[in-house]
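Q: generate coordinates for the sequence data below:
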Amino acid sequence: MKKGLITPWSVVSLAATLMMTGTAQAASTSKVYMSTTMIFMFIGFCALVVAIQLIPAMITLYGMIKAALSSRSEKAAASSRAR
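A: Numbers count the residues shown, from 1 in each chain. As a prediction, this is how the structure comes out:
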């Protein structure tokens, strides 16, 4: 009879290894990080960049909608003249 690859002793040793390393990988909570003014200025600058990029996007969207609606009305006018 062939022995399996996983034996009871390998399961026990794996469980013991995992139990010993669980606390070693835990994060330390003894230090408190405070955000400084420079962090808030950086986040504000990033928000400003995103907000400024919305202006050309809205202008482009307005132009696309206006062009789509005008071409639809031109097609309707052309089809009514052809009749």
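Q: could I get the average pLDDT for stretch 72-83?
A: The pLDDT scores in stretch 72-83 average 69.
Q: check stretch 20-29 too.
A: 64.
Q: then stretch 38-49?
A: When pLDDT is averaged along stretch 38-49, the result is 94.
Q: and that stretch, C-alpha only, in CSV?
A: C-alpha atoms of stretch 38-49 as CSV (Å, rounded to 0.1, in the frame of the first residue of the first chain):
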residue,chain,number,x,y,z
MET,A,38,1.7,69.4,3.0
ILE,A,39,-0.3,66.2,2.7
PHE,A,40,-3.5,68.2,2.6
MET,A,41,-2.0,70.6,0.0
PHE,A,42,-1.0,67.7,-2.2
ILE,A,43,-4.5,66.1,-2.0
GLY,A,44,-6.0,69.5,-2.8
PHE,A,45,-3.8,70.0,-5.8
CYS,A,46,-4.7,66.6,-7.1
ALA,A,47,-8.4,67.4,-6.7
LEU,A,48,-7.8,70.8,-8.5
VAL,A,49,-6.2,69.0,-11.4
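Q: centroid residue for this protein?
A: In the chain, the centroid-proximal residue (C-alpha atoms, centre = their mean) is residue 50; its distance is 14.9 Å.
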